[in-house]
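**Student:** need a 3D model of the sequence below.
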Amino acid sequence: MDNSIIQGFSKYNKQERIDALIQKYGFDSDFQHWLKSCEVSDQSVQKVIDELSENPISCFPFPFSVVPNFVVNGKNLFFPLVSEESSVVAALANAAGFWAKRGGFHAEVLGTEKKGQVHFTWNGNPEYLQSLFPEIRSKLLTESAFLTTKMEERGGGITGIELKLLPHILPNYYQLDAGFETCDAMGANFINSCLEQFGKSLQDYFLTSEKVSTSQRECEIIMAILSNYTPESRVRAWVECSVADLLDGKTEVECHQFARKFEQAIRISQFDVSRAVTHNKGIFNGIDALTVATGNDFRAIEACGHAFAARNGNYSGLTDVQIQDGKFRFSIELALAVGVVGGVTAVHPLAKLAMQILDNPSASELMMYLAVAGLASNFGAVKALVSVGIQQGHMKMHLSNIMNQLNIPEESRAEIQLYFQDKTVSFSAVEAYLQK
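**Tutor:** Model prediction:
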């Protein structure tokens, strides 16, 4: 293996990158053709995909799935999903069909404000700085107006700027904590541009204002950056039905027993961190699949969601259940921010298709759909956990992966699927069956 350090790799073209990989790892002559086979045949589309990232050599295809019967606020939709886990899609399909017959999902947006901060140090008197801040705020808004005009025309812009003193973090450390409305855009570039301008204006104020003494003119901008934690950009979704209607073909007593166990599972997730992490991972199974399909940033959404789950000082499950007067209500509230214009959503052909499938939603509508996907995923998981167990459905879905790993020919697969229809699926069990 060649262990030499490569300089200027980002300037290599695709062929040069592939050649470098072959040289280092000694891949055979078919390697390049195999990489090419993973790409799309339309070169204009492949060019778009290549330009989404740095140093591409091929594509990493995932299934693009659709699930029907998602009724959200009375609107019947397909949900487009991108996930490598078949049981995630199956759980969402099951939950969508189940709740479509029981009034569907309900959702509302509770806020859409995004946040960002300018982090800086200044060695003057905090109370004096606070007295100067109205004047500073006015300067910040005036000198950033050239950045905000178009956003304001669309109904967005800067919603507020606060000064925070945080000496428990660093000596003489402050923040400019700013709020933004970015309408249907994710708004990252807009927010970061405004924050960087705030930093320049703030430094200029300290250098030029007659109200600042010569010994206190130095203001060090540490960084200016948006925050992916958006507690004021929140959404809520819920479902509800009679407890007696929770299980098809079961007695009322069995439905009440199921509801009780379901509630116990939710309560455990709210107070036990070991369960809460897995509980919320199951929620993001659904959210991530829809997020990726629409070209949004699943990493930002997950980071924000997990921070929101710990907003009260303890990490907790994001869903809740209430059972009262024979009624079952299952809900989720979480913080997230999305965009439906610009970015990957605007250029990736399947992301554009995903938006069409969702009837070209606004950012607020997409927030609701993501919350619904998370709630549906969690309902399917908890329902399985407190009844048949998670492995029965999961491993049935996993059987196809096992057969692929074992290179089972297509003509033998139906027989294997029939055999394991009422049996526990595992890699070793399939191997044992093949050796009979």
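**Student:** all strands of this structure, in order?
**Tutor:** Ranges of strands in the chain, per DSSP state E, are 64-72, 75-82, 106-112, 114-122, 157-165, 173-181, 219-227, 233-242, 319-324, 327-335.
**Student:** which one of these lies closest to S364?
**Tutor:** strand 106-112 (4.6 Å; C-beta to C-beta). Quick note: C-beta positions are derived from backbone N, CA and C, even for glycine.
**Student:** follow-up on the earlier one: dump the strands of the chain into a markdown table; add distance to C255 as well.
**Tutor:** Below are those laid out as a markdown table (distance: least, C-beta to C-beta, whole Å):
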| stretch | distance to C255 |
| --- | --- |
| strand 64-72 | 22 |
| strand 75-82 | 26 |
| strand 106-112 | 21 |
| strand 114-122 | 42 |
| strand 157-165 | 46 |
| strand 173-181 | 44 |
| strand 219-227 | 44 |
| strand 233-242 | 8 |
| strand 319-324 | 11 |
| strand 327-335 | 9 |
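**Student:** now mean neighbour count and mean pLDDT too, for those, in JSON lines please.
**Tutor:** Supplementary listing: the strands of the chain in JSON lines, determined by neighbours: other C-beta atoms under 10 Å; pLDDT from 0 to 100:
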{"stretch": "strand 64-72", "mean neighbour count": "19", "mean pLDDT": "98"}
{"stretch": "strand 75-82", "mean neighbour count": "20", "mean pLDDT": "98"}
{"stretch": "strand 106-112", "mean neighbour count": "17", "mean pLDDT": "98"}
{"stretch": "strand 114-122", "mean neighbour count": "21", "mean pLDDT": "98"}
{"stretch": "strand 157-165", "mean neighbour count": "16", "mean pLDDT": "98"}
{"stretch": "strand 173-181", "mean neighbour count": "20", "mean pLDDT": "98"}
{"stretch": "strand 219-227", "mean neighbour count": "17", "mean pLDDT": "98"}
{"stretch": "strand 233-242", "mean neighbour count": "20", "mean pLDDT": "98"}
{"stretch": "strand 319-324", "mean neighbour count": "16", "mean pLDDT": "98"}
{"stretch": "strand 327-335", "mean neighbour count": "21", "mean pLDDT": "98"}
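**Student:** quick one, which of these gets closest to K24.
**Tutor:** Smallest distance to K24 across those (C-beta to C-beta): 30.7 Å, for strand 75-82.
**Student:** hmm, who's touching that closest one?
**Tutor:** For strand 75-82, contacts defined as C-beta atoms under 8 Å, 6 or more residues apart in numbering pick out 62-71, 88-89, 92, 96, 100, 104, 289-290, 292-294, 353-354, 357-359, 369, 373.
**Student:** weed out the non-buried ones from those residues.
**Tutor:** Neighbour counting with 16 or more other C-beta atoms under 10 Å marks 65, 67, 69-71, 88-89, 92, 96, 104, 289-290, 292-294, 354, 358, 369, 373 as buried within the contacts of strand 75-82.
**Student:** tell me who's in contact with F64.
**Tutor:** Per C-beta under 8 Å, 6+ apart, neighbours of F64: P80, L81, V82, A293, L350, A354.
**Student:** distance of it from H348?
**Tutor:** Relative to H348, F64 is positioned 11 Å away (C-beta to C-beta, to the nearest Å).
**Student:** got it, and V118?
**Tutor:** For V118, the distance to H348 - C-beta to C-beta - is 33 Å.
**Student:** what do you get for I287?
**Tutor:** I287 is 19 Å from H348, where distance means C-beta to C-beta.
**Student:** rounded mean pLDDT for the longest helix seen in the chain, please.
**Tutor:** In the chain, with assignment by DSSP state H, the single longest helix is helix 363-385. Here helix 363-385 scores 97 as its mean pLDDT.
**Student:** repeat that for stretch 135-155.
**Tutor:** For stretch 135-155, the mean pLDDT works out to 97.
**Student:** quick check, pLDDT for the closest residue to N314 other than its chain neighbours.
**Tutor:** Spatial nearest neighbour of N314, chain neighbours left out: V273 (7.3 Å); criterion: C-beta to C-beta, 6 or more residues apart in numbering. According to the prediction, V273 has pLDDT 98.
**Student:** now swap in the one 4 residues further on and tell me
**Tutor:** Looking at V277, its pLDDT stands at 98.
**Student:** skip the chain neighbours and tell me the closest residue to it.
**Tutor:** Per C-beta to C-beta, 6+ apart, closest to V277 is Y315, 7.0 Å.
**Student:** any idea how far S201 is from that neighbour?
**Tutor:** In terms of C-beta to C-beta, Y315 sits 38 Å off from S201.
**Student:** so N285 sits right up against S86, yeah?
**Tutor:** No. N285 is not in contact with S86 according to C-beta atoms under 8 Å; the separation is 11.5 Å.
**Student:** more neighbours, the two?
**Tutor:** More neighbours surround N285 than the other of N285 and S86, with 24 against 18 (other C-beta atoms under 10 Å).
**Student:** tell me which residues touch the more buried one, please.
**Tutor:** The contact partners of N285, taken as C-beta under 8 Å, 6+ apart, are S83, E85, V88, A91, S377, A381.
**Student:** let's see that with 7 Å instead.
**Tutor:** E85, V88, S377 (C-beta atoms under 7 Å, 6 or more residues apart in numbering).
**Student:** just send the residues you listed back as TSV, with distance to G305 too.
**Tutor:** Formatted as TSV, the contacts of N285 follow (distance: C-beta to C-beta, whole Å):
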residue	distance to G305
E85	18
V88	16
S377	13
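**Student:** and of the residues you listed, the nearest to N404?
**Tutor:** Using C-beta to C-beta, E85 is the member of those that lies nearest N404, at 14.3 Å.
**Student:** so how far is N314 from that closest one?
**Tutor:** 29 Å.
**Student:** which one's more surrounded, these two?
**Tutor:** Legend: neighbour count by other C-beta under 10 Å for E85 and N314, higher for E85 (16 against 12).
**Student:** tell me the spacing between that one and A265.
**Tutor:** Distance of E85 to A265, given as C-beta to C-beta: 21 Å.
**Student:** alpha carbons of stretch 329-341, in CSV - could you do that?
**Tutor:** C-alpha atoms of stretch 329-341 as CSV (Å, rounded to 0.1, in the frame of the first residue of the first chain):
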residue,chain,number,x,y,z
ARG,A,329,-54.0,11.0,22.6
PHE,A,330,-50.5,10.5,21.4
SER,A,331,-48.4,13.6,20.7
ILE,A,332,-45.0,15.0,19.9
GLU,A,333,-43.5,18.5,20.3
LEU,A,334,-40.0,19.3,19.0
ALA,A,335,-37.9,22.1,17.7
LEU,A,336,-36.7,22.0,14.1
ALA,A,337,-35.9,24.3,11.2
VAL,A,338,-36.3,23.5,7.5
GLY,A,339,-36.2,25.1,4.1
VAL,A,340,-38.2,24.5,0.9
VAL,A,341,-36.3,26.9,-1.4
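**Student:** just how off-centre is it within its chain?
**Tutor:** Distance, stretch centre to chain centre, for stretch 329-341: 9 Å (C-alpha atoms, centre = their mean, to the nearest Å).
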